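> Need a 3D model of the sequence below.
(2 chains)
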Amino acid sequence: MAVASITQGGHDSHGEIDQLYIETRELRLQGFLLFLVSDCVLFSSFIFAYLYLRNSGQGWPPAGINRLDVAFAAVNSVVLFGSGATMHYALENWKHGNFMKFAWMLIFTIVLGVGFLCGQGYEYTNLIFHDHVSWWGSGIFGASFFTLTGMHGFHVFVGVCYLTVLLLQSAGGVYTKDKYFGLTAGTLYWHFVDVIWVVLFSIFYLL
Amino acid sequence: MAIAAAPHGGGIADHIHPEPQSFVRRYVFSIDHKIIGIQYIITGFVFFVLAGLLAETIRIQLMHANGGFVSPQTYNEVYSIHGSTMVWLVVIPLLTGGFGNLVFPLQIGARDVAFPWLNMLSYWIFPIAGLMLFSSFLMGAPTAGWTEYPPISLEGQAGTSMWAAAIFLVGVSSTLTGINFVVTIMKMRAPGMTFTRMPLFCWGQFATAPLLMIATTALAAALAALFMERQFGVPFFDPTKGGSPVLWQHMFWFYSHPAVYIMILPAFGIVSEVLPTFSRKPIFGYKLIAFSSMAIALAGFMVWAHHMFTSGLAPYLQLPFMVITFVIAVPTGIKIFSWTATLWGGKIHYTTAMLFAMGFLVLFTLGGITGIFLAAIPFDLHLHGTYFVVAHFHYVLVGGSLMGIFSGMYYWFPKMSGRLLSEKLGKWHFWLFFIGFNGTFLPMHWLGLEGMPRWVSTYDPQFQFWNQFASISSFVMTAGILLFFANILYSIRFGKVAGANPWGARTLEWQIPSPPHYYNFKHIPTVYGLPYDFSQPLPYRGLEDELNDTPPPVAAGAH
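Alright, predicted model coming up:
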């Protein structure tokens, strides 16, 4: 029934698009992109720290720690990248007025995001209880791996919540076919989280 | 009618927030950039007084070679919090949140910053973080200086974690301000206000804001790592667990070197407004001053390791950092020469704001030159961790940034309050401060050259004379600052009424009443040229109604 009201909300236009909205949207878009830039610097700093520690001559992975399971993480990555694709189609569908498809695509995205988090939870559980690796007790491996992937996981979690809010908002008629900045921001954020994962996957699992 | 005449027609330029009615919305949780700027300035000066008390504690301790005023432990806490307060709670907030908010939206002809609510949030994070920082005294303040190098900071008292959390929060506030300012300058300039017609104060802010936004986040990462290591034992910096103390130095200085440009570029901007106004001459080399700010901001990201020449960095890494640091002297030198050329042949009005700007030129040049000394690796190896370094950064931060802040206060106080600061008290303030400052910090150059280490509560008796000289001079400097506060308290009630443009200045903020109305401009003006061409007509159109009794523009409803 959420979907049905989205369809109505979408058609229930708030009147023609005005100059104030156009200019405000530009400001918000630029501000949001700059926020993502500064968030990117946050990740970059920790990535720098990880690479610095990793190359400090102690060998990698450190003694007593197995290499990470690439196969499982690869599958999990595909789940996250898939959610990036569905998010893209969700926004495209909104732009073309296919509000029903938009809703389903957004729901898929949320489900895939939750799936990724579950996968990460499974991986953490395995590492902690099977391999006895911990955040604080496994030297620089535990510190860098859990901090960076944890930060990313937190971003995914925030993203899932954000997308859920967007779903409810669009069901409540907050956005129209022409005024949907929140959806653009959500999509940008979700792609950003994806891109960060490309880097993290490469440097933790492949490198 | 007014709205129809506006260039964008119904866009942001015509969007006016309704006039705030209640006291709380007008002065406490205000979204007006001018009020927020004044809030920053007041809060910044409150922390300035606290940091000054800490500084005098240091100077009283150093009156005698054996110390004895406070315990060595307390002494360590005092200089750590003094430095942290001056950097994060005084100079950065005053120059960016304070003068930035107050002045640059007026100068570009905007009604407010891009995100007024975010601006309010930025401000309110700042005093809370400041209280957190000072509350660290209650649980044992940090003792490893404002740089908090591990491993000392890892073993430091409980307050060190509080310090990290407080600075993290100030960082969040700075980052939000940076985002706000970049967007405002990019998107909200008045029609005709191209980048090359923008006042140089705006260029200063425009060069600073990306640094606030990018560098501060890197500091946030370092602080978060330190916090996690101290509270949860997550090893990043502890060498016994595989971490690296040098990693902290990289992460810290990757922020803190750009931070010194955050602290000086807006001061450059203030001086670039004050010098042409009181020389009655167009600024020399407008584009060079503007672009050299951007060059400094960019190159500022590539020199952080010159703070780390003694930390065992490979020589082939040290050399490029030394060379790029020298390169930064070029755009800085361009500015110094341009300002000097602006004064040359000008009709100089020796107002207090002008005195501070000229004092800035002298002291900042001295500090800049010792900066070049310290960038040279062999020289730095000799002087690292001595009072020479203390002398250097006080010349650029007090002689540079703080003189710029004082200059800005005398210059813009009439715009904030509608009244002029007393010139008589101001001149006493300037000369006491200038003489006291040099008496305090000039001797530190040779104290450092002779090997007096910083961050130690006692020292070799051979250094006692110059330390006493410095301490007594610092009381003179403090007397000057007390006169400044007395001046503010006196002038805000009894000062001469300023009128719209007491200085005969040409930037936009002086073409509207003092203090400006909540909507800034009745009509957004159109800009036709640079603001510095004295003797030419003003390059603005659409300002005819600003100073007469025509009714204010109609506020758009909340959206």
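> what about the helices in the stretch 351-500 of chain B?
Using DSSP state H, counting those that start in this stretch, the helices found in the stretch 351-500 of chain B span residues B:352-375, B:377-383, B:387-396, B:403-417, B:423-449, B:464-494.
> Buried deepest among the ones you listed, which one?
helix B:403-417 (a mean of 25; mean count of other C-beta atoms under 10 Å in any protein chain shown). No exception for glycine: its C-beta is placed from N, CA and C like everyone else's.
> ok, back up a step: nearest to chain A, out of the helices of the stretch 351-500 of chain B?
helix B:377-383 (21.8 Å; C-beta to the nearest C-beta).
> State the number of residues packed around residue A:53.
Per other C-beta atoms under 10 Å in any protein chain shown, the neighbour tally for residue A:53 reads 23.
> Can you find the residue of chain B that comes nearest to chain A?
Per C-beta to the nearest C-beta, the residue of chain B with the smallest distance to chain A is residue B:221, at 3.4 Å.
> Name the next helix or strand downstream of the lowest-mean-pLDDT helix or strand in chain B, please.
Within chain B, no helix or strand scores below helix B:2-5, which has a mean of 34 by mean pLDDT, DSSP states H and E. Sequence order places helix B:23 as the next helix or strand after helix B:2-5, per DSSP states H and E.
> Quick one: mean pLDDT over the helix or strand harbouring residue A:35.
Per DSSP H and E, residue A:35 falls inside helix A:19-54. In this model, helix A:19-54 carries a mean pLDDT of 94.
> buried residues in that helix?
Of all the residues in helix A:19-54, those buried under the rule 16 or more other C-beta atoms under 10 Å in any protein chain shown are A:20-21, A:23-24, A:26-32, A:34-50, A:52-54.
> immediately after it, which helix or strand?
By DSSP H and E, the next helix or strand past helix A:19-54 is helix A:70-95.
> what's that next one packed up against?
If contacts are counted by 3 or more C-beta pairs under 8 Å, 6 or more residues apart in numbering or on different chains; DSSP states H and E, helix A:70-95 sits against helix A:99-125, helix A:139-171, helix A:181-201.
> Residue of chain A closest to chain B, please.
For chain A, C-beta to the nearest C-beta, closest residue to chain B: residue A:45, 3.4 Å.
> Low-confidence regions, chain B specifically.
Applying pLDDT under 70 to chain B flags the ranges B:1-10, B:555-559.
> Now do the lengthiest helix in it and helix B:403-417, the angle between them.
Longest helix in chain B by number of residues (criterion: DSSP state H): helix B:245-279. Counting by axes from the mean of the first three to the mean of the last three C-alpha atoms, to 10 degrees, helix B:245-279 lies at 60 degrees to helix B:403-417.
> and helix B:245-279, anywhere near chain A?
Yes - Helix B:245-279 is in contact with chain A by C-beta under 8 Å from any C-beta of the partner chain, via B:247, B:250-251, B:254.
> quick one: which helix or strand includes the residue of chain B closest to chain A?
helix B:200-232.
> in that helix, what's buried?
B:200-230.
> Format the residues of helix B:245-279 next to chain A as a markdown table; extra columns: neighbour count.
Shown next, in a markdown table, are the residues of helix B:245-279 next to chain A (neighbours: other C-beta atoms under 10 Å in any protein chain shown):
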| residue | neighbour count |
| --- | --- |
| B:247 | 21 |
| B:250 | 21 |
| B:251 | 26 |
| B:254 | 23 |
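> Show me the two of those that sit farthest apart.
B:247 and B:254 (10.8 Å; C-beta to C-beta).
> is it true that residue B:12 touches residue A:27?
Yes - using C-beta atoms under 8 Å, residue B:12 is in contact with residue A:27, at 7.4 Å.
> quick one: common contacting residues for those two?
residue B:188 (C-beta atoms under 8 Å, 6 or more residues apart in numbering or on different chains).
> Tell me the spacing between residue B:525 and residue B:549.
19 Å (C-beta to C-beta, to the nearest Å).
> which ones are touching residue B:321?
With C-beta under 8 Å, 6+ apart, residue B:321 has these contacts: B:302-306.
> Give me the spatial nearest neighbour of it, chain neighbours excluded.
residue B:305 (4.4 Å; C-beta to C-beta, 6 or more residues apart in numbering or on different chains).
> I'd say the one you found and residue B:253 touch.
Yes - shown here, residue B:305 and residue B:253 form a contact pair, counting by C-beta under 8 Å, at 6.9 Å.
> Point me to the helix or strand that includes the spatially closest residue to residue B:224 that is not a sequence neighbour.
Nearest residue to residue B:224 in three dimensions, chain neighbours excluded: residue B:168, at 6.7 Å (C-beta to C-beta, 6+ apart). Element membership for residue B:168 (DSSP H and E) is helix B:159-187.
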